[in-house]
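A.B. asks: Coordinates for the following, if possible.
(one chain, ligands or ions: 2)
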Amino acid sequence: MILVTGGAGYIGSHAVLELLLAGEEVLVLDNLCHSSRIAIDRVEQLAGRPLQFVKGDVRNRSLLAALFASYPIRAVMHFAGLKAVGESVREPLRYYETNVSGSIALCQAMAEAGVFRLVFSSSATVYGESPMMPITEDRPTGVPTNPYGQSKLMAESVLKGLAESDPRWSIGLLRYFNPIGAHESGLIGEDPNGVPNNLLPYMLQVAVGRRRQLNVYGADYPTPDGTGIRDYIHVVDLVKGHLKALERLEAVRGVSVWNLGTGKGHSVREMITAFEEVTGRPLPHVIKPRRAGDIAQCWSDPGKAWQELGWRAERDLISMLADAWRWQSNNPRGYAEPTPEKKTPTALAS
Ligand code: NAD
Ligand code: UFG
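C.D. replies: Numbers count the residues shown, from 1 in each chain. Ligands and ions are numbered 1, 2, ... in the order given. All right, here's what the predicted structure looks like:
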């Protein structure tokens, strides 16, 4: 059985589905602070079989001990965490407590239970502002400009130290580039709380009428069209990388770092053009000043994952956007239960 922390969230729910489809038994631990039980129901529906779900906190040591004592867990995928950059600046301790202390509590419970295989959700944010593209895993990590990025870097270093201290550990640090898209069924997808921080969720909410227009943060970057460039990767490709990493960790000990990206960068303007093509409607947008802390460009060299895991991303940008659009248009308010508000015109926020 695989324990998936944060398995009701955006990436976790897609990973749980992929694990179930691969025939694994899955136990999800999630406190639902940023997700819905409905995501779990839909994953079970898509997989055609049930999973075990426990509502609880990854920082709860006695709960973790009880789970490891009750279920035959052989490995862990650890998605549970907080990820909003701006919020992390306002509430740093909550971010360090969840992302760093939560990871420590989990590893302590794993070690006590004799479980030493862990796949960890890290982020390309740990590279900071890189002078050269694409980014390979041996590039020195940078200095993240916010507590969220710091918490990922700290968690990475805790895990590295742990693996150095005890040769039984097999840990995969997966550095995600920009996960977008949704399962092709349109039943599960990304459902951010409040105002979305990330580009595609914001574009989707504009397209369904929940927000007035997209703010393009900066058109004066040193990039071909002046807007920021990122390596967008389909969430289904991303989670397939996790299964490959899990398999590989059966054979290797210590810490392995893999970039999960496509190796291609797209600008915000390119994203808008492709999105308009997919939805068949114009996307209202306005150019705004740069967002604090943003970098001009960032894309991966995914060659190491291809060589060592036999994994690479297969879905192109149009399929990422089409799947995301199917999810959002089928579920304009995400997993929220339909409310009477839906029947009356909603106030538009920008
Ligand atoms: P998400 O918010 O959709 O999922 C996180 C899940 O963890 C949620 O279901 C939430 O309820 C749960 N959770 C949070 N705190 C918890 C706690 N203390 N105990 C138990 N459950 C808790 O986010 P996501 O996009 O699916 O991200 C998953 C992981 O990937 C996170 O660790 C995130 O930092 C990392 N990551 C995400 C991105 C991205 O762009 N989405 C990029 C790089 C890394
Ligand atoms: N952008 C806009 N308008 C928006 C939102 C974003 O123009 O409303 C632009 C940004 O300036 C950037 C690009 O779109 O150029 C992508 O921005 P995102 O916020 O979607 O993604 P980031 O690359 O800034 O950050 C994301 C996650 C981080 C993570 C990083 C690398 O938010 O947590 O990817 O994995 F660390």
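A.B. asks: For whichever residue of the chain sits closest to ligand 2, grab the count of nearby residues.
C.D. replies: When distances are taken as CB to the nearest ligand atom, the chain approaches ligand 2 most closely through Gly228, which lies 2.3 Å from it. Quick note: C-beta positions are derived from backbone N, CA and C, even for glycine. As a burial measure, Gly228 scores 25 neighbours (other CB atoms under 10 Å).
A.B. asks: before we move on, what about Glu190?
C.D. replies: Using other CB under 10 Å, the number of residues around Glu190 comes to 23.
A.B. asks: tell me the secondary structure for it?
C.D. replies: When the structure is reduced to helix, strand and coil (DSSP: H, G, I helix; E, B strand; the rest coil), Glu190 reads as coil.
A.B. asks: residues of the longest helix anywhere in the chain that come out buried?
C.D. replies: Among all segments of the chain classified by DSSP state H, the helix with the greatest residue count is helix 147-165. Residues 147-156, 158-160, 162-163 are the ones in helix 147-165 that count as buried (16 or more other CB atoms under 10 Å).
A.B. asks: And it, how far out from the chain middle?
C.D. replies: Its chain's average C-alpha position is 17 Å from that of helix 147-165, according to CA atoms, centre = their mean, to the nearest Å.
A.B. asks: Stretch 208-216 too?
C.D. replies: For stretch 208-216, the separation from the chain centroid amounts to 22 Å (computed by CA atoms, centre = their mean).
A.B. asks: Need the distance between the two termini of it.
C.D. replies: Distance between the boundary residues of stretch 208-216 (CA to CA, to the nearest Å) amounts to 18 Å.
A.B. asks: who's in contact with Asn146?
C.D. replies: If you count contacts by CB atoms under 8 Å, 6 or more residues apart in numbering, Asn146 has them with 85-86, 88-89, 293.
A.B. asks: Of the residues you listed - the most surrounded one?
C.D. replies: Each of the contacts of Asn146 was scored by neighbours using other CB under 10 Å; the highest score is Ser88's, at 23 neighbours.
A.B. asks: List just the nearest of the contacts of Asn146 to Arg175.
C.D. replies: Val85 (16.1 Å; CB to CB).
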